[in-house]
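got a predicted model here, sequence first, then my questions.
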Amino acid sequence: MLHVDCKVAIIGGGVLGMSIAYFLSAHAKSPESVALLEQENNIAQHSSSRNTGKVHAPFLYDPTKKKTFAKAAALGYELWQKYSSHKRMPFRRDGVLEVALNDEGIDRLYKYMEWGIANGLTKNELQLLDKNEVAKIEPNVRCVSAIYCSKDASVNYGAFTIGLLEDIQSFGSKLLLGHKVERISSYGQGVYSITTNQGKEIKAEYLVNVAGGNSMDIAQMMGVAQGYTDMHFRGEYWQAPPEYHNLTKLSIYSVPKHPEYPFLDPHWIVRADDRREVGPNAIPVFGPYAYGWRRNLIDMLPKIMESSHTGARKIFFDRQFLSLVSTELKSSLSKTMMINRVREFLPQLKPSAFTQRGTAGIRSSVIDKTGRFVPDTLILERDSSLHVLNYNSPGATGALPMAANITSKIIRADVLQTSDKARSLWDATEIADRMKA
């Protein structure tokens, strides 16, 4: 019999990985049978901290094409609200406006209203407004119509993830920071061997891959998701100067002109700490951590070689996609162009007043073999392993219900011996059942 270091190994210390570790270690009879590996020396160093900090209401998500995202976002609001109260962390229910700038955008708002009601929002929480009604709420906003959603909040997901870390450590599960996975092999006896860059070998009976920007590489290292590839997009922001902090009370999002692509029309974002930001754009980059040009150059050749053998190569024959890429690149090079896109609904903004960039983040979108972007998150299971791919916005919003769902799968597969009473705020199986309802 081979020695096993843990029952379940989780790869990835972002908000989703930490949420899974939280539920698993809370439900396990022996919490030390759960181990989490993170390549950085600290948790939540990438998308979990480099985001807008929004607890998104689910009216933006098609309940058919984005069923998993929609359900997770719908449940995520109440779970994060309870967790923030438990940990005494800020949870600012401040609402959001989704504005239409033309008649085509109004058609989209009607669709969002249908989706929001289908995803569980009430008519009191989701209201369709004309421009005069918008002016009463936000007199500085210019649009032809808008959706006002009161069930939207601003938080600090990096702080939430640290709170989860504290809980996990108190439960007694293992945490390996600074351990990047370099190789995964199977002994053929239901045991995986994970070798890290520090020469450590961890043996586990079950493996959960939630490595964010690296999740595709790890899945394919194990022979999973061979028909897919990923493409990375850096989202950049500009911080608004203090004189604009009272311009609106709400975050303002504009209806995306091309929802089939992972390009977002820039927003006016009200953060939990009262900062205001404009962003993001979506600049194609060659790696999941290409925040600067040096790292982008390092990742360039390997990514080009990889893309030449996958469906991603078809994207580069799509004229509309290439046109959008050109526009996004210009918005990166030109602050004026970036701010002017937001001036379409906040005309008071002056590009010259913006002098400080915000924190850039990178999202990794999955492309199938036909060259199309996959709309929903992918949960792939194979040989006692589970892989979460294409986990983008509203990923942080839905992290707790997604984690409960994954935990329930593992519990029902009899991988872990469970305790009679869980130490978490919720029963994972109960939340998972709500995800399926």
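Yep, that arrived.

separation between the closest residue to residue 417 other than its chain neighbours and residue 425?
Using C-beta to C-beta, 6 or more residues apart in numbering and skipping the chain neighbours, the partner closest in space to residue 417 is residue 29 (4.2 Å). Using the backbone N, CA and C atoms, a C-beta is placed for each residue, glycine as well. Using C-beta to C-beta, to the nearest Å, we find residue 29 at a distance of 19 Å from residue 425.

higher neighbour count, those two?
residue 425 (16 against 10; other C-beta atoms under 10 Å).

you'd agree that one is up against residue 82?
Yes: using C-beta atoms under 8 Å, residue 425 is in contact with residue 82, at 6.2 Å.

can you map out the strands along the stretch 201-350 of the chain?
With DSSP state E, counting those that start in this stretch as the criterion, the stretch 201-350 of the chain has strands at 201-209, 229-235, 238-239, 251-254, 267-270, 276-279, 283-285.

give me the contact list for the first one.
Applying C-beta atoms under 8 Å, 6 or more residues apart in numbering, the contact partners of strand 201-209 are 2-12, 17, 20, 35, 37, 176, 184, 187, 190-196, 215, 218-219, 222, 384-388, 406, 410, 413, 415.

for the last one, same thing?
Strand 283-285 is touched from outside by 231-236, 296, 299, 325, 328-329, 332, 362, with contacts defined as C-beta under 8 Å, 6+ apart.

list only buried entries from the residues you listed.
Among the contacts of strand 283-285, the ones that count as buried by 16 or more other C-beta atoms under 10 Å are 231, 232, 233, 234, 235, 236, 296, 299, 325, 328, 362.

now these as CSV including pLDDT?
Shown next, in CSV, are the buried ones among the contacts of strand 283-285 (pLDDT from 0 to 100):
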residue, pLDDT
231, 93
232, 95
233, 94
234, 95
235, 94
236, 95
296, 91
299, 90
325, 87
328, 89
362, 95
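
pLDDT weak spots in this structure?
1-4, 262-263 (pLDDT under 70).

pull the longest helix from it.
helix 67-87 (DSSP state H).

please export the C-alpha coordinates of it as PDB.
C-alpha atoms of helix 67-87 as PDB (Å, rounded to 0.1, in the frame of the first residue of the first chain):
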ATOM      1  CA  LYS A  67     -26.500  28.300 -16.300                       C
ATOM      2  CA  THR A  68     -23.600  27.500 -13.900                       C
ATOM      3  CA  PHE A  69     -22.400  31.100 -13.700                       C
ATOM      4  CA  ALA A  70     -26.000  32.400 -13.200                       C
ATOM      5  CA  LYS A  71     -26.900  29.900 -10.400                       C
ATOM      6  CA  ALA A  72     -23.600  30.500  -8.600                       C
ATOM      7  CA  ALA A  73     -24.000  34.300  -8.800                       C
ATOM      8  CA  ALA A  74     -27.600  34.100  -7.500                       C
ATOM      9  CA  LEU A  75     -26.600  32.100  -4.400                       C
ATOM     10  CA  GLY A  76     -23.300  33.900  -4.000                       C
ATOM     11  CA  TYR A  77     -24.800  37.200  -2.800                       C
ATOM     12  CA  GLU A  78     -26.400  35.800   0.300                       C
ATOM     13  CA  LEU A  79     -23.500  33.600   1.200                       C
ATOM     14  CA  TRP A  80     -20.900  36.400   1.000                       C
ATOM     15  CA  GLN A  81     -23.200  38.700   2.900                       C
ATOM     16  CA  LYS A  82     -23.400  36.100   5.700                       C
ATOM     17  CA  TYR A  83     -19.700  35.400   5.600                       C
ATOM     18  CA  SER A  84     -18.800  39.200   5.700                       C
ATOM     19  CA  SER A  85     -21.100  39.600   8.800                       C
ATOM     20  CA  HIS A  86     -19.500  36.500  10.400                       C
ATOM     21  CA  LYS A  87     -16.000  37.900   9.800                       C
END
